[in-house]
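no letters, just coordinates:
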């Protein structure tokens with residue numbers, strides 16, 4: 001007998017970066033299943049508009065996930081106003097791209113804080129709330145760049161590898177507790193994140209709704225790895241069984257350097273917004289700069 005999908009009706013979910021793109025699509029899919037969604041986004045207006053579109057009692061709130069005390073406080077507020085959180089979707093993220101040697105320290109730190117550290121913090125808060133209740137779901141949005149290196153997006157890829165490793169570790173650590181972990185690994189999705197990038201041969205670009213439906217399926221059926229499109233499963237498994245030289249050759253043939261050849265003018269608006277998307281991370285950047293050894297003045 002085929003496994004029956006679990007009902008999500010009546011549950012409470014938090015989606016970070018839920019005002020746009022994949023996060024917005026996930027929020028709407030959850031809302032259609034009767035989930036009460038709290039949509040958190042750096043832009044309050046965008047979050048509130050997404051909540052209005054989602055319906056089902058969704059709320060929108062401003063949140064910079066790199067501000068960890070504010071992140072915790074927001075989750076506290078949501079639980080007080082709506083109820084215990086059943087699903088945390090760590091989706092907020094940015095993808096600045098370009099040659100590795102041209103990346104500034106500020107850009108690297110911003111990605112580490114937003115794409116990785118915020119996912120660690122969100123997951124930790126979820127475990128603290130869900131584990132005592134013996135139930136809950138943590139959904140971490142990574143990328144296929146968490147399985148393969150992405151030329152032109154080295155730090156981004158490092159962060160996403162970190163999210164995959166975090167999710168695998170948590171899945172093992174939480175075994176038997178009732179708290180489930182799901183890691184989402186899409187290829188190119190038609191959002192502003194991939195503006196100006198080249199095609200990846202043999203891998204069709206997906207819509208945010210495609211990713212949202214895959215996440216919904218994972219929640220309903222208890223699946224850990226979420227590949228979008230599903231054909232990526234074969235690519236990942238075959239790569240693990242072939243010599244590295246062959247998999248690297250295949251990657252080049254498929255256009256694995258799609259990020260390096262991106263149209264900078266087409267990405268300008270997104271890159272500018274991404275540079276402003278983690279205000280609290282600027283404190284880390286400033287502290288890092290202050291700790292750097294000073295070059296002695298010339299005599």
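Nice, thanks for sending it over. Just so you know, these numbers come straight off a predicted model, no measurement behind them.

surely residue 29 forms part of a strand?
No. Applying DSSP: H, G, I helix; E, B strand; the rest coil, one finds residue 29 to be helix, outside a strand.

roughly how far does it sit from residue 229?
As judged by CB to CB, to the nearest Å, residue 29 and residue 229 stand 17 Å apart. For every residue, glycine as well, the C-beta is placed using N, CA and C.

ok, residue 112 next?
The gap separating residue 112 from residue 229 is 28 Å, by CB to CB.

what of residue 126?
According to CB to CB, residue 126 and residue 229 sit 27 Å apart.

the more surrounded of the two?
residue 126 (26 against 17; other CB atoms under 10 Å).

what about the residue found closest to the more buried one once you drop the neighbours it is linked to in the chain, which SS state?
Using CB to CB, 6 or more residues apart in numbering and skipping residues adjacent in sequence, the residue nearest residue 126 is residue 88, 4.0 Å away. Secondary structure, three-state DSSP: residue 88 is strand.

list the contacts of residue 88.
Shown in contact with residue 88 (CB atoms under 8 Å, 6 or more residues apart in numbering): 13-14, 75, 122-123, 125-126, 136-139.

which ones among the residues you listed map onto strands?
Using DSSP state E, 13-14, 136-139 are the members of the contacts of residue 88 that sit in strands.

rewinding a little: turn the contacts of residue 88 into a markdown table, including distance to residue 210 and pLDDT.
Putting the contacts of residue 88 into a markdown table (distance: CB to CB, whole Å; pLDDT from 0 to 100) gives the following:
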| residue | distance to residue 210 | pLDDT |
| --- | --- | --- |
| 13 | 19 | 98 |
| 14 | 22 | 98 |
| 75 | 28 | 98 |
| 122 | 23 | 98 |
| 123 | 24 | 98 |
| 125 | 28 | 98 |
| 126 | 25 | 98 |
| 136 | 25 | 98 |
| 137 | 20 | 98 |
| 138 | 21 | 98 |
| 139 | 15 | 98 |
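
distance to residue 146 added to those residues, as CSV?
Below are those laid out as CSV (distance: CB to CB, whole Å):
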residue, distance to residue 146
13, 22
14, 22
75, 25
122, 16
123, 15
125, 21
126, 19
136, 22
137, 19
138, 16
139, 14
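
just checking, what packs against the longest helix along the chain?
Longest helix in the chain, counting residues (DSSP state H): helix 154-173. Judged by 3 or more CB pairs under 8 Å, 6 or more residues apart in numbering; DSSP states H and E, helix 154-173 is in contact with helix 105-111, helix 118-130, strand 136-141, strand 179-186.

what about the ones you listed, which gets the closest to residue 155?
With CB to CB as the measure, helix 105-111 is the member of the helices and strands packed on helix 154-173 nearest residue 155 (5.0 Å).

how about the closest one: buried residues?
106-111 (16 or more other CB atoms under 10 Å).

who are the packing partners of the helix or strand in which residue 215 is found?
Here residue 215 sits within helix 208-221, counting by DSSP states H and E. On a contact count with 3+ CB pairs under 8 Å, 6+ apart, helix 208-221 meets helix 21-32, strand 136-141, strand 179-186, strand 225-228.

name the helix or strand of the protein that has the lowest mean pLDDT.
None of the helices or strands of the chain scores lower by mean pLDDT, DSSP states H and E than helix 281-291, at a mean of 68.

if I've got this straight, residue 246 is in a helix?
Yes. Assessed by three-state DSSP, residue 246 belongs to a helix.

which residues touch the closest residue in space to residue 198 that isn't next to it in sequence?
In this structure, residue 198 finds its nearest non-sequential neighbour in residue 258, 4.1 Å apart by CB to CB, 6+ apart. Contacts for residue 258 were tallied using CB under 8 Å, 6+ apart; they are 152, 188, 197-200.

rewinding a little: now distance to residue 263 too, for the helices and strands packed on helix 154-173, in JSON lines please.
Compiled in JSON lines, the helices and strands packed on helix 154-173 are given as follows (distance: least, CB to CB, whole Å):
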{"stretch": "helix 105-111", "distance to residue 263": "19"}
{"stretch": "helix 118-130", "distance to residue 263": "29"}
{"stretch": "strand 136-141", "distance to residue 263": "25"}
{"stretch": "strand 179-186", "distance to residue 263": "21"}
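
low-confidence ranges in the stretch 1-150 of the chain?
Residues of the stretch 1-150 of the chain meeting the criterion pLDDT under 70: 1-2.

can you rerun that using 90?
Within the stretch 1-150 of the chain, the segments meeting pLDDT under 90 span 1-4.

got a list of contacts for the host helix or strand of residue 47?
If you go by DSSP H and E, residue 47 is part of helix 44-54. Applying CB under 8 Å, 6+ apart, the contact partners of helix 44-54 are 18-20, 24, 27-28, 30-31, 37, 39-41, 58-63.
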